[in-house]
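Novice: Got a sequence here, can you build the structure:
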Amino acid sequence: MKRRELLKASAGAAAMSALGNPLFAAAIKNADIDVKKFFSSSDPAVMKLTEQVFAKCILGKLFPPAAPMKHNWIGPGGGYKGQWIWDTMFVVDLLSILGGQEKIIRGVFQNYWDFQVRWNKEMPEYAHDMVPCMISPGNKKWVRFPAYSQIPILAWGVERVYRRNGDKELIKQCLRPLERFHDWYWRERDVTNSGLVAVGSYNPIVQHARWETFDYECNMDALKLTRHPTRKGQNEGKWYGDICVTGNTAFLILGEKCLVRLAEIVGDKAMAARRQARVDKSVAAMRKHMWDQDAGTFLSVKRDTLEKIPGATIGSWIPLHAGIPTKAQAKRMAEVLNTDSWMTPLPIPTVDRKDKRWISHKFWRGDVWAPTNYQIASGLADYGYRELAAEICDKTVANAIKNGISERYDSISGKKLGVEYLGMTCTVVTMMLDGLTRKHKLQLRKA
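Specialist: Down below sits the predicted model:
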């Protein structure tokens, strides 16, 4: 069972239609904002796509408070009740453009920090300050499920919002709980203190640990959960994954870099220095232990031996987004990305096309996702490979215009897969606004 299917069932939202759900009805009322006042494009198809994204992936995903969340919250779509981590950050990034959304966005983030307080009251100290994969209205079993986190890009989301709307109060609100969340991540996911991050869950179910990152990535096929290698608490279980993954390690470095800049904005030099030390250690570890010259990218490694796990996956390319590769490594990565292994008719597949496990429509095992395309292309552009980034992004946007807005796509046919109008597919618009495309143009209107 896929993660979202299980979470949907767990939240009691199965078979709930959008029209029959009062939360969705409340969200639809927010969809009357004229987004054309904020954007311009000479291409009618681009404007239509943008309007659809804002109506259905952004404004249509904003819901009123629902216990235990005391503030507005953002759901992913498809009837799934809950506020996820990485889905939500792409949505608040674009929501902040519309103006007058500061209070709503602060509330969305406060839901995470309120959870930390509730969690800390129930859990032992070593587990304090986790933020879960999702916070679900009405979930009375939240201590046990979800007992795992998700891709750590909350700091990235805060910085993106600030860069768009200048809300310094959001930074002040989030800075301390963000640092505590990062400290939890290092403490509970880098249990060997190598600077490399594994996955895990405060229950012994292996698939729950996989849900902390890109779900069904091939690099985690042999994942096992172990007890903590040094801490011998009487009530502890097999909660710690034995594979350090490239994706989450890179995302945590990205988040730390954001946290450094956020701390500097409010004048907290001590915090900036603390976080920079984390960045330096982890970047060095990834370059030393995860880089593979033959593969031309970063590979996940076994936690205890640091032995590389053969086979590149979508997480192998996330280090580009976090600015981890050296210039020489980035050059090699761009070369490999520009081969048949990764430049499928619709790039970028979630596993090397030459891997025997690749199937063009399989969930994280050959399909294509807009958010990862956006992140990887953004990294390529930062290293100067703007033409390759544009090819990836223009094909992604063109496919969304042709086949519709959806969770994921077939890497050969481009046909849509999964949930229609999933919130984080809003990144097809982010690609254009960030100047990553060449053919498909979208600009912010000047105030």
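Novice: Please report how far His440 lies from Pro319.
Specialist: Distance of His440 to Pro319, computed by Cβ to Cβ, to the nearest Å: 26 Å. (Each C-beta comes from the backbone N, C-alpha and C, glycine too.)
Novice: More neighbours: these two, which one.
Specialist: Pro319 (29 against 24; other Cβ atoms under 10 Å).
Novice: What does the pLDDT read for that one?
Specialist: pLDDT recorded at Pro319 is 98.
Novice: what does Asp34 give?
Specialist: pLDDT, read off for Asp34, is 87.
Novice: so how many other residues sit close to it?
Specialist: 8.
Novice: what do you get for Val266?
Specialist: 12.
Novice: Pretty sure it sits against Gln173.
Specialist: No: with contacts counted by Cβ atoms under 8 Å, Val266 stays clear of Gln173, the gap being 10.8 Å.
Novice: can you pull out the strands in this protein?
Specialist: Under the criterion DSSP state E, strands of the chain are mapped to 39-40, 62-63, 73-74, 83-84, 134-135, 198-200, 225-226, 240-244, 291-292, 297-298, 301-302, 406-409, 416-420, 443-444.
Novice: between those, which gets nearest to Leu154?
Specialist: strand 83-84 (11.1 Å; Cβ to Cβ).
Novice: which helices and strands sit right next to the closest one?
Specialist: helix 102-122, strand 134-135 (3 or more Cβ pairs under 8 Å, 6 or more residues apart in numbering; DSSP states H and E).
Novice: buried sites along the first one?
Specialist: The one in question is helix 102-122. 104-116, 119 (16 or more other Cβ atoms under 10 Å).
Novice: Ok, stretch 345-355 next?
Specialist: For stretch 345-355, the neighbour count (16+ other Cβ under 10 Å) marks 346-353, 355 as buried.
Novice: got the contact list for that stretch?
Specialist: Contacting residues not belonging to stretch 345-355 are listed as 214, 217-218, 311-314, 317, 337, 340-342, 344, 357-358, 360, 364-369, 372-373, 376, 391-392, 395-396, 399, 409-414 [Cβ atoms under 8 Å, 6 or more residues apart in numbering].
Novice: Tell me the pLDDT of Ala398.
Specialist: 98.
Novice: neighbours around it, how many?
Specialist: Ala398 has 18 nearby residues by other Cβ under 10 Å.
Novice: Identify the residue nearest it in space, chain neighbours excluded?
Specialist: His440 (6.9 Å; Cβ to Cβ, 6 or more residues apart in numbering).
Novice: circling back to that earlier point, go through the buried residues of helix 102-122 and say which is closest to Met271.
Specialist: Met271 has its nearest neighbour among the buried residues of helix 102-122 in Trp113, at 16.5 Å by Cβ to Cβ.
Novice: Pro177 is in contact with the closest one, correct?
Specialist: Yes: counting by Cβ under 8 Å, Trp113 touches Pro177, with 4.2 Å between them.
Novice: What segments of the stretch 51-200 of the chain are helices?
Specialist: 86-95, 102-122, 154-165, 168-189 (DSSP state H, counting those that start in this stretch).
Novice: related to what we said a few turns ago, which of the contacts of stretch 345-355 are buried, as a PyMOL select command?
Specialist: Selection of buried members from the contacts of stretch 345-355 for PyMOL, criterion 16+ other Cβ under 10 Å:
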select buried, resi 214+217+218+311+312+313+314+317+337+341+342+344+358+360+364+365+366+367+368+369+372+373+376+391+392+395+396+399+409+410+411+412+414
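Novice: Helices - which of the contacts of stretch 345-355 land there?
Specialist: Among these, DSSP state H puts 337, 372-373, 376, 391-392, 395-396, 399 in helices.
Novice: Save those as CSV, and put in distance to Ile135 too.
Specialist: Output for the ones in helices among the contacts of stretch 345-355, formatted as CSV (distance: Cβ to Cβ, whole Å):
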residue, distance to Ile135
Leu337, 35
Thr372, 23
Asn373, 27
Ile376, 28
Glu391, 38
Ile392, 32
Lys395, 35
Thr396, 29
Asn399, 32
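Novice: and which of those residues is nearest Gly247?
Specialist: So of those, ranked by how close each gets to Gly247 (Cβ to Cβ), first place is Thr372, at 8.9 Å.
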